[in-house]
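J.: 3D model of this:
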Amino acid sequence: MNKLPAELKDMVCSFSSPNELESLRLVSRTFLAAASEYILPRIFLFIHPRSVRELEEITSHPLYREHVTTIIIDPTQLEIHKVKDYDDWVCHLPTDWSIPRREDFPPSSHVECSGTDRGLQLLAAAADAVKKNDEAWEAAKYSETELEKLWQSHKDLQSYQENTEVRALIYDKLRLAFKRCPKLRNIVVTSLHGPNSAGSKKKHIIFGDQILDLYRYPKQPRPQFWLDDILPIPHDEKWRVETLTICNIELRNRTRQIPLTLQDLHHLRVLNEETADFHNFRIEFFDIINAAQNLKTLWISTDSEEDIPGWEVILQNICLAHLEELFFEYLWFTKNDLVGFLLRHATSLRSLAMRGVLIDDGWSELLRNLRLQLPNLEEVSLDFLIGVHATSLASVSKYKDSFMIPAESFLLHGGPLPAEQFVGDDDEEDPHNPDRVARIHMELRPGL
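T.: Coordinates of the predicted model:
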């Protein structure tokens, strides 16, 4: 399977409408059978009326709804400028759009002559203003007709956002999707879509390139998200959810007091760029863990190298009997807590990846404590590990690849462990230094 071409692995049968399904050309039935697990029919839900209509059409289609396995929810609401009218809106457009305003080209009323000459002068001034205005429109990013359509889209989207309760919308449409799509197993809640990804392309189709271009800057705030918006749905209706991915979403406290049970949830990935509300993040995380004791995959990433939060308390309270794949990124642990956590999962753990993880001691001692203690481990990836200099307890630095690569082999096979080697201060600032190039590329394929 790993030898399949990357474009096939990334291929997604994304429904753009009930009458259009992106085709995938295959050369043989054997090849189709080998590739079938990579074909991931999925639907999207954006906070936009077109997206809502599309989801309703797909889930009501007698054929397409049978193949849907994944729903990707983007709860982002564009931070739209509230303006009085069209002219006020034009004044707020980006300057690099070069959109002319009529008041910028008024005919000159200061003409000293009188009589017929004055009339001719005024006519010439008006004609000159019209000419300059026409030239300005030719240089503008969008035509006047396109701008009027964009203004109408702005008004429609602003009205929709002001009159739509996002939480209620997500709850209602997610429940509808589960009710109508018998194979729906995977939920992805994200506000990030990589360039040229299916999600990015879909978002541009739904909103329109001009709208997204207009509100791309300043940076939009992260959407807030309550577990009450989704988790009670599979719990109450006994619908199976196997995968839950939460990416760049500000988690909020759950209000529901009845304990949840998500026995079918096997894969959990929580990846957040910022940790400003880290307390709520941990509370929500514990809620999911407590409800899903059969997890096989666990990814936790804060994606914040500048602000690494401590998770030692969380490690002390997690014990998952079936955990097979583990990925930690930009987290801080005490050595003893991390060792204890890994040893508790020694019999089930098969894949271990850690990137930018900081411990309160050097990594050599931790690795020695784990040597040959993870008998079922098949794959290890260590990248940008951070530890304490042996000569200076006050200094922390990243380890070199020349230490981390042998350390991976050490965990799997034992043998000698090299002396600790750290990236120097000068190399730390050099983006071309080999030790600054990421070696771990976790493939976040929503739904798997």
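
J.: for the rest of this, base every contact and every neighbour count on C-alpha atoms.
T.: OK.

J.: helices and strands around the helix or strand hosting residue 152, which ones?
T.: Per DSSP states H and E: residue 152 is located in helix 144-162. Helices and strands touching helix 144-162, as assessed by 3 or more CA pairs under 8 Å, 6 or more residues apart in numbering; DSSP states H and E, comprise helix 209-214.

J.: now the helix it packs on: buried residues?
T.: Neighbour counts over helix 209-214 (16 or more other CA atoms under 10 Å) mark 210, 211, 214 as buried.

J.: got JSON lines for those residues, with pLDDT and distance to residue 234 too?
T.: Below are the buried residues of helix 209-214 laid out as JSON lines (pLDDT from 0 to 100; distance: CA to CA, whole Å):
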{"residue": "210", "pLDDT": "80", "distance to residue 234": "37"}
{"residue": "211", "pLDDT": "84", "distance to residue 234": "34"}
{"residue": "214", "pLDDT": "79", "distance to residue 234": "37"}
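
J.: which of those residues lies closest to residue 225?
T.: The closest of the buried residues of helix 209-214 to residue 225 turns out to be residue 211 (CA to CA; 23.6 Å).

J.: surely the closest one meets residue 155?
T.: No. Here residue 211 does not reach residue 155: they are 11.1 Å apart, not a contact under CA atoms under 8 Å.

J.: ok so, going back, just the C-alphas of the helix holding residue 152, formatted as CSV.
T.: Output of helix 144-162 as CSV, limited to C-alpha atoms (Å, rounded to 0.1, in the frame of the first residue of the first chain):
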residue,chain,number,x,y,z
GLU,A,144,-17.5,47.5,-11.8
THR,A,145,-19.9,44.7,-12.6
GLU,A,146,-17.8,42.2,-10.6
LEU,A,147,-17.7,44.6,-7.7
GLU,A,148,-21.5,45.0,-7.6
LYS,A,149,-21.8,41.2,-7.5
LEU,A,150,-19.2,41.1,-4.7
TRP,A,151,-21.1,43.8,-2.8
GLN,A,152,-24.3,41.7,-3.1
SER,A,153,-22.4,38.6,-1.8
HIS,A,154,-21.1,40.6,1.1
LYS,A,155,-24.6,41.7,2.1
ASP,A,156,-26.0,38.2,1.7
LEU,A,157,-23.2,36.6,3.8
GLN,A,158,-23.5,39.3,6.5
SER,A,159,-27.2,38.8,6.8
TYR,A,160,-26.8,35.0,6.9
GLN,A,161,-24.2,35.2,9.6
GLU,A,162,-26.1,37.7,11.7
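
J.: how about the helices in the stretch 251-400 of the chain?
T.: Ranges of helices in the stretch 251-400 of the chain, per DSSP state H, counting those that start in this stretch, are 278-291, 312-316, 335-344, 363-370.

J.: would JSON lines of those with distance to residue 323 and mean neighbour count be doable?
T.: As requested, the helices of the stretch 251-400 of the chain are exported to JSON lines (distance: least, CA to CA, whole Å; neighbours: other CA atoms under 10 Å):
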{"stretch": "helix 278-291", "distance to residue 323": "12", "mean neighbour count": "17"}
{"stretch": "helix 312-316", "distance to residue 323": "13", "mean neighbour count": "15"}
{"stretch": "helix 335-344", "distance to residue 323": "10", "mean neighbour count": "17"}
{"stretch": "helix 363-370", "distance to residue 323": "17", "mean neighbour count": "16"}
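
J.: what about the stretch 1-150 of the chain, any weak spots by pLDDT?
T.: For the stretch 1-150 of the chain, the stretches with pLDDT under 70 are 1-40, 102-130, 132-133, 136.

J.: could you list the low-pLDDT ranges of the stretch 301-448 of the chain?
T.: Judged by pLDDT under 70, the stretch 301-448 of the chain has its weakly predicted residues at 303-310, 312, 389-395, 424-448.

J.: and the strands in it?
T.: 325-329, 332-333, 351-355, 358-359, 379-383, 386-388, 396-398 (DSSP state E, counting those that start in this stretch).

J.: hmm, who's touching the fourth one?
T.: Translated: strand 358-359. Here strand 358-359 makes contact (CA atoms under 8 Å, 6 or more residues apart in numbering) with 308, 330, 331, 332, 333, 334, 335, 385, 386, 387, 388.

J.: and of the residues you listed, the nearest to residue 379?
T.: Nearest to residue 379 among those, with distances taken as CA to CA, is residue 385, at 16.8 Å.

J.: closest to residue 295 among the buried residues of helix 209-214?
T.: Minimum distance to residue 295 across the buried residues of helix 209-214 is 39.8 Å, recorded for residue 211 (CA to CA).

J.: and the closest one, how far from residue 189?
T.: Using CA to CA, to the nearest Å, residue 211 is found at 22 Å from residue 189.

J.: contact partners for residue 379?
T.: By CA under 8 Å, 6+ apart, the residues touching residue 379 are 350, 351, 352, 412.

J.: the second one reaches residue 375, doesn't it?
T.: No. With contacts counted by CA under 8 Å, residue 351 stays clear of residue 375, the gap being 11.4 Å.

J.: which residue is the nearest non-sequential neighbour of residue 139?
T.: Spatially, and ignoring its direct neighbours in sequence, residue 139 is nearest to residue 98 (6.9 Å; CA to CA, 6 or more residues apart in numbering).

J.: that neighbour reaches residue 138, doesn't it?
T.: No. When contacts are counted by CA under 8 Å, residue 98 is not listed as touching residue 138 (9.6 Å).

J.: overlap of the contact sets of those two?
T.: By CA under 8 Å, 6+ apart, no residue touches both residue 98 and residue 138.

J.: isn't residue 407 up against residue 417?
T.: Yes. Assessed by CA under 8 Å, residue 407 is found in contact with residue 417 at 6.5 Å.

J.: buried sites along stretch 63-71?
T.: Neighbour counts over stretch 63-71 (16+ other CA under 10 Å) mark 64, 65, 66, 67, 68, 69, 70, 71 as buried.

J.: what is the nearest of the contacts of strand 358-359 to residue 227?
T.: Closest to residue 227 out of the contacts of strand 358-359 is residue 331 (22.8 Å), distances taken as CA to CA.

J.: from residue 209, how far out is the closest one?
T.: Distance of residue 331 to residue 209, computed by CA to CA: 36 Å.

J.: helix or strand next in line after the helix or strand where residue 176 lies, which one?
T.: Assigned by DSSP H and E, residue 176 belongs to helix 166-180. Under the assignment DSSP H and E, the closest C-terminal helix or strand after helix 166-180 is strand 186-190.

J.: ok, that following strand: who's next to it in the sheet?
T.: Under the criterion DSSP bridges, strand 186-190 sits next to strand 70-74 (parallel), strand 243-247 (parallel) in its sheet.

J.: now these as CSV including distance to residue 260?
T.: Below are those laid out as CSV (distance: least, CA to CA, whole Å):
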stretch, distance to residue 260
strand 70-74, 21
strand 243-247, 15
